[in-house]
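J.: Provided below are the primary sequence and the corresponding predicted coordinates.
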Amino acid sequence: MRFRSGEVIVLGLMLMTGCASSRTTTSAVDYNSYNEDLSSTRPVYNAAPAVAPTAPATVTTPAMPVTTPRRTDTRKPSMPVEALHINRRLDMVLDTIATQNRSIRYAPGFRIQVYVGTVRKEVDDIRLLISQNFPELSPYLSYNLPTYKLKIGDFMRRMDAERYYASVRRLIGSAQLQADKVDIRRSLLIK
């Protein structure tokens, strides 16, 4: 492709002006010098009138001066009758709730299932092994023809159940952690 001399000059000028426009200098901006007056948006608080402290009364005797503070009110603050009435009602309600809570025996929790099978001797052997290694865990044996299921423990929190589950799993590889209803009083005995 051949260019004419006029086209070469025009292309040269365009190239030079393009390069010259890209060499523009930018001024440095100082971002650390931010100033804005925010006094119009700040809240204004009215100061409470200051109470002047009472000067202590000075009693002078010929031997030495003694300073005693002044007391304006020496009575103890008394509780209004309505507050006593409300406190009695509140105590009665709390006693009722405590009585109801004592009557609850079971709650949702977790147990570790250590055996599922049909052989009674295996269940008894595993129960003996568990009672020797974990005497604080209560065993629960259920029989639904022809299957025996042995579960241990009464755990209210999954974290406690998982801690024991890891130890039981070392002894019995087929152990499983399951959600179940647990006895609240026995769960409080597990450390």
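T.: On my side now, so go ahead. As the structure is a computational prediction, the values presented were derived from the model and not from experiment. Numbering: from 1, shown residues only.
J.: where does this protein have low pLDDT?
T.: Applying pLDDT under 70 to the chain picks out residues 1-13, 15-27, 29, 31, 48-84, 189, 191.
J.: list the buried ones in the longest strand seen in the chain?
T.: Counting residues, the longest strand in the chain under DSSP state E turns out to be strand 106-117. Buried residues in strand 106-117, counted by 16 or more other C-beta atoms under 10 Å: 109-115. All C-beta spots, glycine's among them, are computed from the backbone N, C-alpha and C.
J.: Break down this structure into its helices, ranges please.
T.: Per DSSP state H, the chain carries helices over the ranges 5-22, 81-103, 120-133, 158-171, 184-189.
J.: related to what we said a few turns ago, so which of the buried residues of strand 106-117 is the closest to residue 181?
T.: Lowest distance from residue 181 to these (C-beta to C-beta) belongs to residue 109, with 7.1 Å.
J.: Show me what the closest one is bridged to.
T.: Partner residues in beta bridges with residue 109, using DSSP bridges, are residue 180.
J.: separation between it and residue 186?
T.: To residue 186, residue 109 is 10 Å away according to C-beta to C-beta, to the nearest Å.
J.: Kindly report the same for residue 28.
T.: Residue 28 sits 75 Å away from residue 186, going by C-beta to C-beta.
J.: Residue 88 too?
T.: For residue 88, the distance to residue 186 - C-beta to C-beta - is 36 Å.
J.: can you redo the buried residues of strand 106-117 as TSV with distance to residue 167?
T.: Conversion of the buried residues of strand 106-117 to TSV gives the following (distance: C-beta to C-beta, whole Å):
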residue	distance to residue 167
109	18
110	14
111	15
112	10
113	15
114	12
115	16
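J.: Quick check: residue 174 touching residue 122?
T.: No. Residue 174 sits out of contact with residue 122 when judged by C-beta atoms under 8 Å, with a separation of 11.0 Å.
J.: intersection of neighbour lists for those two?
T.: Residues touching both residue 174 and residue 122 (C-beta atoms under 8 Å, 6 or more residues apart in numbering) are residue 115.
J.: rewinding a little: between residue 109 and residue 186, which contacts overlap?
T.: residue 154.
J.: Could you export the helices of the chain as TSV, including distance to residue 35 and mean neighbour count?
T.: As requested, the helices of the chain are exported to TSV (distance: least, C-beta to C-beta, whole Å; neighbours: other C-beta atoms under 10 Å):
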stretch	distance to residue 35	mean neighbour count
helix 5-22	34	10
helix 81-103	56	10
helix 120-133	74	14
helix 158-171	55	15
helix 184-189	65	14
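J.: what would those look like in CSV with distance to residue 144?
T.: Below are the helices of the chain laid out as CSV (distance: least, C-beta to C-beta, whole Å):
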stretch, distance to residue 144
helix 5-22, 86
helix 81-103, 29
helix 120-133, 13
helix 158-171, 22
helix 184-189, 23
